[in-house]
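S.K.: Okay, sequence plus prediction incoming.
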Amino acid sequence: MIDKAADSAAFFVAGGASPAAGPTGFSRAAVTSKDDMPRSSWRAPNGLKRMQPGTSDSSSDISLDGPAGVSLPPVDVLLDDHGTLDTPDAEADTPAPGAIRYRLPLVAVPDNVLLKAAVQKLVEQKAQLDALARNPALAGLLPAEWLGSGLRAVDLQGFVLSVLPFLHNAAKAETAPARLPLKHVLGDAGRWDRDDVAEPKSLAFFLASDDRASAGVKDPAEAYLVGALGLAWVHEGRTRPGFLRQMGYDSMAARVSMLAYPEPGQMALYSVTAHGVSQIWCVLDRRKLRPLLAPWISVPLLTAYGVAAPVAWPTSFPAVDEVAQMLATARTGKGPVEVDLGKVAAKIAQDASAETWMPVSLLQVGTWAPRWRYFMATFIGLPSLLLVVAALALPGAIEAAAVAASLGFAGGAIGALAAPWVHARRKHLS
């Protein structure tokens, strides 16, 4: 409060202006603080005209030696954060979007007419999906991977990672301030618009300023940029792009992190039918595969980028059903589903080897479980009983023959279990 008073006093004495600061939480409540509202100029209660930083007006230059009747405003006015402010004049004094000159450079997008059109269409589709997701009567039409929490109907990161296969936002380059063309920026539209703000022009002027890209400022904006596609999405200040587009702005300031994306020649699109459902799969470097969650969005964008149109599944790749089975087992969580075709081929070879017939013993067969009590009673107890009977009832020579027969019988039984005289598949072995 005292700092603001000092700023105002310094302004009226020296004819300068203190930097404007604005709130982020603009809602239906009108903002009346003189220091909180961006504008080109406004008149103070004593009739003096205050200019926006960076402007000048010779009629407003005042010195302490000025004519009689010119003085500082009362102290209570200087210390009042809610002083008198003519809001309609402040809105009228806000510069038009096209008349504002910015110091930050505008990010350049690829010089590809088809790619520009595809990216701009994607931005429009995202805004339409936001409106669709907020309609309770249409619940369940969107993929579960896109559903956000609370008022954020479509999860922006989940949407981008599913539409752009093999995009990784974990490994990002150095962040730098820049201005982004709003036609190429994805955001979270529809949560609020200009009708929910008391002074939309002043708010738009504040949110579009270069200061929003400075580190440590209030209400910053941060965004990812896929330079190869010319597509950006905001992860700090997500509602800003839609509002600024609505207010007629062409660009916004943000701290931008560049993301790499594979070359068009590294990716290939394939049209397959898995489990009776037509799908489009994207393969990177003939090894990693991801199914496209929304091919009606992804395919036009990827083909405009330079990826070849979808073709039939090659015979040199693993069978479609085998890949689909691996995809089903890998589908855990909300992240993109991905399989390695090399691992799929290795699994197929292992399964084929498991079907091979080979000679084994009964003890090696995993599905064969011997009844050990019966084995002990039959192959050990019975020969022992015969041995006792022979020892009691027969002469010495016969007794020796009975012992030999019993031992042979027991040895034969054990040999029948241990010798590899049966055939079984490798997958059935223990």
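M.R.: Ah, there it is.

S.K.: rest of the way, CA atoms for contacts and neighbours
M.R.: Will do.

S.K.: show me where this structure has strands.
M.R.: Under the criterion DSSP state E, strands of the chain are mapped to 41-43, 49-51, 175-181, 185-186, 222-226, 231-236, 251-259, 267-274, 277-284, 288-291, 311-312, 339-340, 357-360, 422-425.

S.K.: can you state the direction angle for the third one and strand 222-226?
M.R.: Relative orientation of strand 175-181 versus strand 222-226 (axes from the mean of the first three to the mean of the last three CA atoms, to 10 degrees): 80 degrees.

S.K.: tell me the average confidence for strand 175-181?
M.R.: Average pLDDT, strand 175-181: 93.

S.K.: what bits of this structure have low per-residue confidence?
M.R.: For the chain, applying pLDDT under 70 flags the ranges 1-99, 139, 148-153, 170-173, 190, 332-334, 351-430.

S.K.: I'd like the domain boundaries of it, if you could list them.
M.R.: For the chain, automatic domain parsing gives the domain ranges 2-93, 113-259, 266-352, 360-428.

S.K.: quick one: residue 278 and residue 291 touch, right?
M.R.: No: between residue 278 and residue 291 there is no contact, the gap being 10.9 Å when judged by CA atoms under 8 Å.

S.K.: So between these two, which is more surrounded?
M.R.: Taking neighbours as other CA atoms under 10 Å, residue 278 and residue 291 compare with residue 291 leading, 21 against 10.

S.K.: Let me see the contact set for the spatially closest residue to that one that is not a sequence neighbour.
M.R.: Excluding its sequence neighbours, the residue lying closest to residue 291 (CA to CA, 6 or more residues apart in numbering) is residue 281, at 4.3 Å. Residue 281 sits next to 269, 270, 271, 272, 289, 290, 291, 292 when contact means CA atoms under 8 Å, 6 or more residues apart in numbering.

S.K.: what's near enough to touch the first one?
M.R.: In this structure, residue 269 makes contact with 280, 281, 282, 283, 307, 308, 309, 310, 311, judged by CA under 8 Å, 6+ apart.

S.K.: Likewise for the last one?
M.R.: Residue 292 makes contact with 162, 163, 165, 279, 280, 281, 282, 298, according to CA under 8 Å, 6+ apart.

S.K.: now residue 159: how far from residue 245?
M.R.: Using CA to CA, to the nearest Å, residue 159 is found at 21 Å from residue 245.

S.K.: circling back to that earlier point, turn the contacts of residue 292 into TSV, including distance to residue 118.
M.R.: Formatted as TSV, these follow (distance: CA to CA, whole Å):
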residue	distance to residue 118
162	16
163	12
165	16
279	21
280	18
281	20
282	18
298	10
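
S.K.: which among the residues you listed end up buried?
M.R.: Buried by 16 or more other CA atoms under 10 Å: 162, 163, 165, 280, 281, 282, 298, out of the contacts of residue 292.

S.K.: Output those residues as CSV; include the columns distance to residue 212.
M.R.: Below are the buried ones among the contacts of residue 292 laid out as CSV (distance: CA to CA, whole Å):
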residue, distance to residue 212
162, 29
163, 28
165, 31
280, 40
281, 40
282, 38
298, 31
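
S.K.: just curious, which of those residues is nearest to residue 259?
M.R.: residue 165 (13.3 Å; CA to CA).

S.K.: now that we're looking at the closest residue to the closest one other than its chain neighbours, how far away is residue 109 from it?
M.R.: Nearest non-adjacent residue to residue 165, counting by CA to CA, 6+ apart: residue 290, 6.8 Å away. Distance of residue 290 to residue 109, given as CA to CA: 27 Å.

S.K.: Likewise for residue 209?
M.R.: 21 Å.

S.K.: Looking at those two, which one has more neighbours?
M.R.: Legend: neighbour count by other CA under 10 Å for residue 209 and residue 109, higher for residue 209 (20 against 17).

S.K.: The nearest residue to the more buried one once chain neighbours are set aside - how many residues pack around it?
M.R.: In space, and not counting its chain neighbours, residue 209 is closest to residue 253: 6.4 Å by CA to CA, 6+ apart. Residue 253 has 27 neighbouring residues, counting by other CA under 10 Å.

S.K.: ends of stretch 186-195, how far apart?
M.R.: First residue to last in stretch 186-195 (CA to CA) measures 21 Å.

S.K.: buried set for that stretch?
M.R.: 186, 187, 188, 189, 190, 191, 193, 194.

S.K.: In CSV, list those along with distance to residue 205.
M.R.: Formatted as CSV, those follow (distance: CA to CA, whole Å):
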residue, distance to residue 205
186, 20
187, 18
188, 19
189, 19
190, 20
191, 19
193, 15
194, 13
